[in-house]
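[1] Quick one, what's the 3D model for this:
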Amino acid sequence: MTYRDVATRPVLIWACTAVGARMPVAMAPLALVFLVRDRPGGYALGAFLASVYVIGEIVGAPLLGLRLRPDRARRQLAAGLFAGAAGFAGLGLLPQVPAAPLAAFAFLAGAAPAAAAGGLRTLLTELVPERAVAQALSVESMLTSGVWAVSPAAVTALALGVAPHVPLLLAAGSMAASAAGLRLLPAGWGGKDTGAAGAAREPVLRVLTAAWPVYVTGAAGLTLLGLAEIVLPALLEQRGVGVGWAGPLLMGMAVGSGAGAFLYGLRSWPGRLRDRSAVLLCGTSACVVGMALIPGTAAIATGLVLGGTLQSCALLTRNLALREALPPGALAAGYAVMYAAAGAGYAATGGLAGVLLEVAAPSTAILAGVGLTLVLTAVGWWGEVRRDARSAGRGPLARPGPAAERPPVRGRGDPERRL
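    Down below sits the predicted model:
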């Protein structure tokens, strides 16, 4: 159980391209808060713009992800990334325009490149041997954590030290560079089972819909990240701590996420994926509650680091669970829907936080978001139990059709044993 199979030149090229695509996503919410922080109702407006950005991701990911063609994926992904770069450039070049144009730019920046996450993840799993897919997903999680570690600090330093619009211009340049970097990667991903997916769209949609519990728990994982990013500056002000600490604190959370992903990929872990995910999400929620209730910067930092460690493991279980639930031809679309579902959880938290910050303390907004997370976790766990019972053919819950007859992970054994 090592990461050697992932340490290849194609994966390195993929990693550089993925960093360029994901850095703007990690920068956007906090950058939007800083962009309008000094305007009337700045924090609420920032939360609104961040929510609009994520709504764009929610809309764009399934619509564009379902239309990705494996033989033309590179061209389609590049077009979306260039359009997203234009949206970020509009935000950075026109920061003083009214809220409506800013919201339009934020929506474009979120929607246009939204299929890139699912497309790049599918491409990554094609670049490594089947036995190393789980390790590749762990590496992807570590890479994402690294991006999230650097991005908040970069946003905070540039917004406070240079100008509030500079982080968004940097995001535009990063996304455009990622689109250009796609030329160094294969044009698509193999084509296994893709013909069936394209020829039978309705069955594929049914397969995607059947995996809804995985999407719900994926959304639960991102609600807490939304809380940490959007409410943290206001929470620091409530505690009398300089808002400039937001970047370093979020960097600590991302470092914890990277450490959690690395440790998760070193060995197999007991229990079913659904149970493991529920326990990890409940643990993350406990860390965020402690951050909201215990005074002091040290308590906030500890809660973020520990919460990030548990959260990254929970999100990794969601990606592995999706591979169990879907056939190979539907994985790219499934990852896109997962991205949209996670964005939905983020947007729900952002909208809730924006409303509550107008009438309640930031700590209260955090507790409300934790409650939403726990509800989503419970619903997703129950849905997976019910789906597994249906797949096993237990009485009236049995699901007819080929999907119910195939082995849980397409006859290749438990992917957890390859971690």
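
[2] Now do the same for A163: helix, strand or coil?
    The assignment at A163 comes out as coil when based on DSSP: H, G, I helix; E, B strand; the rest coil.

[3] burial of it, as a residue count?
    14 (other CB atoms under 10 Å). (C-beta placed from N, C-alpha, C; glycine too.)

[4] next one: A368
    Around A368 there are 18 other residues, counting by other CB under 10 Å.

[5] measure it to E229 for me?
    Per CB to CB, to the nearest Å, A368 is found 16 Å from E229.

[6] With G371 instead?
    18 Å.

[7] Of the two, give the one with the bigger neighbour count.
    Higher neighbour count among G371 and E229: E229, with 27 against 14, using other CB under 10 Å.

[8] Which residue, other than its chain neighbours, is closest to the more buried one?
    In space, and not counting its chain neighbours, E229 is closest to P29: 4.8 Å by CB to CB, 6 or more residues apart in numbering.

[9] go on, T156?
    Closest to T156 by CB to CB, 6+ apart is G247, at 3.0 Å.

[10] check contacts around that neighbour.
    Counting by CB atoms under 8 Å, 6 or more residues apart in numbering, G247 makes contact with L30, P152, A153, A154, V155, T156, A157.

[11] residues touching V33, list them.
    G42, Y43, G46, A47, L49, A50, I230, P233.

[12] follow-up on the earlier one: can you pull the contacts of the residue nearest to E229?
    By CB under 8 Å, 6+ apart, the contact list for P29 reads A50, Y53, V54, G226, E229, I230, G350.

[13] Any idea how many residues pack against the second one?
    By other CB under 10 Å, 30 other residues sit near Y53.

[14] how near is P327 to L208?
    P327 is 10 Å from L208, by CB to CB.

[15] Export only the CA atoms of stretch 244-263, formatted as CSV.
    Written as CSV, here are the backbone C-alpha positions of stretch 244-263 (Å, rounded to 0.1, in the frame of the first residue of the first chain):
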residue,chain,number,x,y,z
GLY,A,244,-6.1,39.4,9.1
TRP,A,245,-5.9,36.1,11.1
ALA,A,246,-8.6,34.6,8.8
GLY,A,247,-6.0,33.6,6.2
PRO,A,248,-3.5,31.8,8.5
LEU,A,249,-6.4,30.1,10.4
LEU,A,250,-7.9,28.8,7.2
MET,A,251,-4.4,27.7,6.1
GLY,A,252,-4.2,25.6,9.2
MET,A,253,-7.5,24.0,8.4
ALA,A,254,-6.2,23.1,4.9
VAL,A,255,-3.0,21.7,6.3
GLY,A,256,-5.1,19.5,8.6
SER,A,257,-7.1,18.4,5.5
GLY,A,258,-3.9,17.4,3.7
ALA,A,259,-2.6,15.4,6.6
GLY,A,260,-6.0,13.6,7.0
ALA,A,261,-6.0,12.6,3.3
PHE,A,262,-2.5,11.3,3.5
LEU,A,263,-3.1,9.2,6.6
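
[16] where's that stretch relative to the chain centroid, distance-wise?
    Centre-to-centre, stretch 244-263 and its host chain are 15 Å apart (CA atoms, centre = their mean, to the nearest Å).

[17] S51 and V355 touch, don't they?
    No. Judged on CB atoms under 8 Å, S51 makes no contact with V355 at a distance of 10.2 Å.

[18] who has more neighbours, these two?
    Neighbour count, other CB under 10 Å: between S51 and V355, S51 has more, with 28 against 15.

[19] how about the nearest residue to that one, chain neighbours excluded?
    In this structure, S51 finds its nearest non-sequential neighbour in G350, 4.0 Å apart by CB to CB, 6+ apart.

[20] Show me which positions of the host helix or strand of that neighbour end up buried.
    Per DSSP states H and E: G350 is located in helix 331-359. For helix 331-359, a neighbour-count test (16 or more other CB atoms under 10 Å) marks 331-354, 356-357 as buried.

[21] contacting residues around E384?
    With CB under 8 Å, 6+ apart, E384 has these contacts: P213, V214, T217, R274, A321.

[22] and if we set it to 6 Å?
    The neighbourhood of E384, defined by CB atoms under 6 Å, 6 or more residues apart in numbering, consists of P213, R274.

[23] Need the three-state assignment for it.
    helix.

[24] And the contacts of stretch 341-356?
    44, 47-48, 50-51, 54-55, 57-58, 215, 218-220, 222-223, 226-227, 230-231, 365, 368-369.

[25] For A86, grab the count of nearby residues.
    The number of residues near A86, taken as other CB under 10 Å, comes to 16.

[26] Would you mind measuring from it to V25?
    15 Å.

[27] cool, G256 as well?
    Distance from G256 to V25, by CB to CB: 19 Å.

[28] More neighbours: these two, which one.
    Counting neighbours by other CB under 10 Å for G256 and for V25 shows that V25 has the greater number, 27 against 24.

[29] How confident was the prediction at that one?
    For V25, the model assigns a pLDDT of 92.

[30] after the helix or strand where it lies comes which helix or strand?
    Element membership for V25 (DSSP H and E) is helix 9-36. Note on helix 9-36: by DSSP H and E, the next helix or strand toward the C-terminus is helix 42-65.

[31] got the angle between the helix holding V25 and helix 331-359?
    20 degrees (axes from the mean of the first three to the mean of the last three CA atoms, to 10 degrees).
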